[in-house]
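Visitor: Curious how this folds, go ahead:
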Amino acid sequence: MAAAAIGEIDLLALALAITVLPLLSFLYLVLVPPRLRHQRSLEPSTMPVGETSRVVLRAVNDAPAQASPLRISDAADQAVGGGASFVIARGFGRWQQGVSYSVVADSRGRFQIGPLTAKATDPLAMASRTVTSAGSDSTLRVTPKVWELNELPSGAGLGAAGDATPQRIGQAGADDVLVREHRHGDDMRRVHWKMSAKRDDLMVRLEEHPWDPSSTLIVDTRLSAHADHGPRGSLEWAVSAVASVARLLLVGRYRLSIVAPSGTVFESGHAVGPLARQAMLNALTDLASSEHTWLGEAFNDPEAVSSAASVVAVTGLLSAADAAALSAAGASARSKIALVPDAPTWGTPSAEHEDACLLLAKHGWTVATYAQGETVPEAWGRVNA
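Guide: As a prediction, the model looks like this:
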């Protein structure tokens, strides 16, 4: 008004422009909003801890009048990097654009990728608007790291050494016969002539009890038993170790049960092969830490442990009560293995833990320690020793 009163037309035009342009910019974004949709794929959608997945996006803009660049943001959990941002500048017209980025997961679990949002501005960049792209979110599944364990420890009663795990021939039932090939010095009275005829080789009966390929794995998920709960802490080490041993046993066609203080984690039942291994990984991927304080709570169903031919426990720090519960639960098992932390290397020296390990050893357990920074195969190899 003052510019008009004093006759300064240029100043008046500038004032009008400063006033009107922001309004026009706002109206432009209201009347011509970006219409964005997308498709997202994860390559792969399932991966072990520490691996990399590639996120591939195809963004499509259906608003032909949208001229300004779009700042695209694809959200993700912080555990997988927090997502990514990028700018697409295509000008007027409908368009589609493919982009990709990588995520690395340091933590086990299921993580959401998305939503995809876009920040648009008017051509003069005086106003902005954020819209959510049409399209579904994605889930990245990060499984525990599974180490390749070459063999079952025969010294602990799990391996196929000599007659320890005889071959089962014939159909399941009362007529099952346990046999092996004839060796020099075998009593000829033990020759099984019917099986020898079938195999075209001398086969002898075994006098051992039938092999029961059942095993219970105990994973200690108690927060109070682990000093380090991070991706490289003893809790995640224990989960990775159980996953590795479980895979080895399932490959060996063991009937498997995994229990934790929070309850039963996995039971293989009659499942075998890749389906059983995948189901086991799914269960351990979703396994959460526990506020329980006594490891004995993993044995609320005593039959699940006492009926197993072998028991493998991967624990945190143990108390005398924990060791007593383990000893009682594995009393009837032929093989009992405990992987326990080397407490000083984890920064948690404990005389009670050392005494608990000695108690387990006195009750027939094979006790091996795992140190901070050590791999599962290194600790597992100590079981044989």
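Visitor: got a list of what the closest residue to residue 41 other than its chain neighbours touches?
Guide: Nearest residue to residue 41, sequence neighbours excluded (Cβ to Cβ, 6 or more residues apart in numbering): residue 56, at 4.8 Å. Heads up, the C-betas are built off the backbone N, CA and C, glycines and all. Contacts for residue 56 (Cβ atoms under 8 Å, 6 or more residues apart in numbering) come out as 40, 41, 42, 43, 98, 99, 100.
Visitor: Buried among the residues you listed? Make that a ChimeraX selection.
Guide: To isolate the buried ones among these in ChimeraX, judged by 16 or more other Cβ atoms under 10 Å, type:
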select :40,42
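Visitor: Turn the contacts of residue 56 into TSV, including pLDDT.
Guide: Output for the contacts of residue 56, formatted as TSV (pLDDT from 0 to 100):
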residue	pLDDT
40	96
41	96
42	97
43	95
98	92
99	93
100	94
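Visitor: before we move on, back to that, assign the residue nearest to residue 41 to helix, strand or coil.
Guide: What DSSP: H, G, I helix; E, B strand; the rest coil gives for residue 56 is strand.
Visitor: Return the set of residues that bridge with it.
Guide: Here residue 56 sits in beta bridges with residue 41, residue 100, going by DSSP bridges.
Visitor: shouldn't residue 290 be in contact with residue 259?
Guide: No. Taking contacts as Cβ atoms under 8 Å, residue 290 lies outside contact range of residue 259: 11.7 Å.
Visitor: So those two - more neighbours on which side?
Guide: More crowded of residue 290 and residue 259, by other Cβ atoms under 10 Å: residue 259, with 24 against 20.
Visitor: Which residue comes closest to that one once chain neighbours are left out?
Guide: residue 298 (4.7 Å).
Visitor: Could you pull out the helices in the stretch 101-250 of the chain for me?
Guide: 193-199, 234-251 (DSSP state H, counting those that start in this stretch).
Visitor: would you turn the ones you listed into a markdown table with mean pLDDT and mean neighbour count?
Guide: Below are the helices of the stretch 101-250 of the chain laid out as a markdown table (pLDDT from 0 to 100; neighbours: other Cβ atoms under 10 Å):
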| stretch | mean pLDDT | mean neighbour count |
| --- | --- | --- |
| helix 193-199 | 83 | 13 |
| helix 234-251 | 96 | 24 |
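Visitor: Against which helices or strands is the helix or strand hosting residue 258 packed?
Guide: Following DSSP states H and E, one finds residue 258 within strand 255-260. Strand 255-260 sits against strand 214-219, helix 234-251, strand 263-267, helix 273-285, helix 302-306, with contacts defined as 3 or more Cβ pairs under 8 Å, 6 or more residues apart in numbering; DSSP states H and E.
Visitor: partners of it in the sheet?
Guide: Partners of strand 255-260 in its sheet, by DSSP bridges: strand 214-219 (parallel), strand 263-267 (antiparallel).
Visitor: which helices and strands sit right next to the lengthiest strand in the chain?
Guide: Using DSSP state E, we find that the single longest strand of the chain is strand 109-121. Applying 3+ Cβ pairs under 8 Å, 6+ apart, one finds that strand 109-121 contacts strand 36-43, strand 52-61, strand 70-76, strand 128-132, strand 138-143.
Visitor: The fourth one versus strand 109-121: what angle between them?
Guide: What that stands for is strand 128-132. Comparing the axes of strand 128-132 and strand 109-121 via axes from the mean of the first three to the mean of the last three Cα atoms, to 10 degrees yields an angle of 150 degrees.
Visitor: mean confidence for strand 128-132?
Guide: Per-residue pLDDT over strand 128-132 has a mean of 84.
Visitor: Neighbouring strands - and their directions - for it?
Guide: strand 109-121 (antiparallel).
Visitor: For residue 195, see how far away residue 180 is.
Guide: 10 Å (Cβ to Cβ, to the nearest Å).
Visitor: circling back to that earlier point, now the strand holding residue 258 and helix 234-251, what's the angle there?
Guide: Computed by the same axes, to 10 degrees, the angle between strand 255-260 and helix 234-251 is 170 degrees.
Visitor: Tell me how far the residue nearest to the spatial centre of the chain lies from residue 179.
Guide: With distances taken as Cα atoms, centre = their mean, residue 143 lies nearest the centre of the chain, 2.2 Å away. Residue 143 is 39 Å from residue 179, where distance means Cβ to Cβ.
Visitor: cool, residue 77 as well?
Guide: 55 Å.
Visitor: Also residue 296?
Guide: With Cβ to Cβ as the criterion, residue 296 and residue 179 are 41 Å apart.
Visitor: of the two, who's got more company?
Guide: Neighbours per residue (other Cβ under 10 Å) separate residue 296 from residue 179, with residue 179 holding more: 22 against 16.
Visitor: Excluding residues flanking it in the chain, which one is nearest the more buried one?
Guide: That would be residue 203: by Cβ to Cβ, 6+ apart, it lies 4.4 Å from residue 179.
Visitor: in the chain, which segments are predicted with low confidence?
Guide: 1-18, 20-22, 24-31, 67, 91-92, 122-125, 152-177, 184-187, 206-212, 301-306 (pLDDT under 70).
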